[in-house]
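# coords please:
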Amino acid sequence: MKKSLFFILPAMVLATSCVDSLDDYNIDPKRASVVPSTSLVSSAERELASTLASANVNTNVFRLYVQYWAQTTYFDESIYDINTRNINRNFWSALYRDVLADLNEAKRLITADNSMDAKVKANQLAAIETLEVYTWAVLVDTYGNIPYSEALDFNKPQPKYDDAKTIYDDLIKRLDTAIGSFDKSAGGLGAADLYFNGDTGNFVKFANSLKLRLAMTIVDVDQAKAKTLVESTVGKLISSNEESAKLTFLGSNPNTNPLYVDLVQSGRYDFVGTNFFIDRLNTLKDPRLGAYFKPNGGTFKGGIYGVGNNYASFSSPGVALEDPTAPSYLLSYSQVEFLLAEASARGFAVGGTAASHYNNAVTASIKRWGGSDADATAYLAQPAVAYATATGDYKQKIGVQKWIALYGQPVDSYREFRRLDYPKLTKPEGALSNLPVRFPYPVVEQNLNTANNAAAAAAIGGDNVNTKIFWDKF
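You can find the predicted model right below:
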């Protein structure tokens, strides 16, 4: 003990002679004082993909809201109990704190770096801007009016809420500027880009595909603007499953797909498929059924949404969802083709026909989940699936098949269900409210940003689950 102290004390004496104030004692010599800017982008990409993929009912309940899954022992979330565990706050915080804050700081550091090649810097900033636009749009689509222009500013701890439509208009302008700033001949984020591994060309396709999605989201509010925006993206979009915007996770903790954590590592048995969804897949002889769910006693059987179900009696989420390396999709090729199908059905000049894009979308989804071209051809040949003979108008035809295809993208599915109004979902008997068409604001916002939060609630017509987002017109 005395020998140890002998070696330590001189070090302490030497240290005191080199510091100017007690603040210097608070420096951790093993911790970097400056975080590399691109590592912040990696962190943001990971958190964004994880939040979108998660099945943790404290954060992401959208597989329940669109009735892919029913619950077993506990079914509070299926009857729309949002506030008990602050689900709306957790989703809000994940995007503001864990995604946007990191992207904002990365942008600040990169902008201030005068040693960087100008074209590489422009590509990095354009990529960050695209990711920010994506994240802001998810927040607007979920809550409506949100803190935006004054958000992420430490000098404004009580930021005002901006109008949702005004935010969308600004996001589209920002995205257009970002797209124009990319230079495909130059590098970008390099290996720090977890989605495209620094491939600038693919990031440009992602940005244009996001522009397509934003445009079609506002189509019922401003069809003329949407048409112009959509037509400007033709030939610049994600055009294969391989080009989809996604993060492929690793096989070991802490970098596994959160679905693996929720479904396998947790040791819990919380979810089974709903009879509403599985019965539809059975009826249509859907080739994705065996990937989406596990058979139960040789058949696929769904539980009842909004009540407790015996896990052993029904089909649980499929083995493909239990793979720790399974990717989380931000924007898939199938999704792009469904958007083009709808655009074509509305008379926009996007090339092809509504039916051809619809067929491409369904085929891409089936192949993504392990099916073949032959599987897709047989599926699409059924009168109940074929675009020409499936029930309803284009919104119903596309809405139902898009709902089926977006099984792995529940946040997107929740938006498209509200926008297209198909399939027709009904609330369970024990529901605490109507099926939510938005999340109410987190309670912490009511407590700490009271005046601005109250003004926002008044502006949207009430902070409740019945208040529609501005683009949800029908």
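
# Tell me, how many residues neighbour residue 69?
The burial count assigned to residue 69 is 29, neighbours taken as other CB atoms under 10 Å. Every C-beta, even on glycine, is put in place using the N, C-alpha and C of the backbone.

# mind checking how far it is from residue 283?
19 Å (CB to CB, to the nearest Å).

# And the next helix or strand past the lowest-mean-pLDDT helix or strand in the chain?
The helix or strand of the chain with the lowest confidence, counting by mean pLDDT, DSSP states H and E, is helix 2-16 at a mean of 31. Counting by DSSP states H and E, the next helix or strand C-terminal to helix 2-16 is helix 37-53.

# Tell me which helix or strand comes right after that next one.
helix 62-65.

# how far away is the closest residue to residue 90 other than its chain neighbours from residue 87?
Closest residue in space to residue 90, ignoring its immediate chain neighbours: residue 59 at 4.5 Å, by CB to CB, 6 or more residues apart in numbering. From residue 59 over to residue 87 the distance is 7 Å, taken as CB to CB.

# now residue 248
Using CB to CB, we find residue 248 at a distance of 27 Å from residue 87.

# More neighbours: which of these two?
residue 87 (22 against 12).

# Chain neighbours aside, what residue packs nearest to the spatially most central residue of the chain?
With distances taken as CA atoms, centre = their mean, the residue of the chain nearest its centroid is residue 52 (4.0 Å). Excluding the flanking residues, the one nearest residue 52 by CB to CB, 6+ apart is residue 411, at 5.2 Å.

# doesn't residue 50 make contact with the one you found?
No - Residue 411 is beyond contact range of residue 50, at 11.9 Å (criterion: CB atoms under 8 Å).

# Helices of the stretch 151-300 of the chain, start to end?
164-181, 200-217, 223-231, 258-260, 275-283, 289-292 (DSSP state H, counting those that start in this stretch).

# For the fifth one, name the packing helices and strands.
Under the contact criterion of 3 or more CB pairs under 8 Å, 6 or more residues apart in numbering; DSSP states H and E, helix 275-283 touches helix 289-292, helix 394-405.

# buried set for that helix?
275, 276, 277, 278, 280, 281 (16 or more other CB atoms under 10 Å).

# Give me the contact list for it.
67-68, 70, 286, 288-289, 292-293, 300-305, 315, 384, 400, 404, 423, 425 (CB atoms under 8 Å, 6 or more residues apart in numbering).

# Where does pLDDT dip in the chain?
1-35 (pLDDT under 70).

# By residue count, tell me the biggest helix in it.
Criterion DSSP state H: the longest helix present in the chain is helix 118-143.

# What are the buried residues along that helix?
Buried positions in helix 118-143, judged by neighbour count with 16+ other CB under 10 Å: 119-143.

# about what we covered before: ok, and which of the helices and strands packed on helix 275-283 has the densest surroundings?
helix 394-405 (a mean of 22; mean count of other CB atoms under 10 Å).

# Report the angle between the helix or strand containing residue 377 and helix 394-405.
Element membership of residue 377, judged by DSSP H and E, is helix 373-380. On the basis of axes from the mean of the first three to the mean of the last three CA atoms, to 10 degrees, helix 373-380 is oriented at 140 degrees to helix 394-405.

# Perfect, that will be all.
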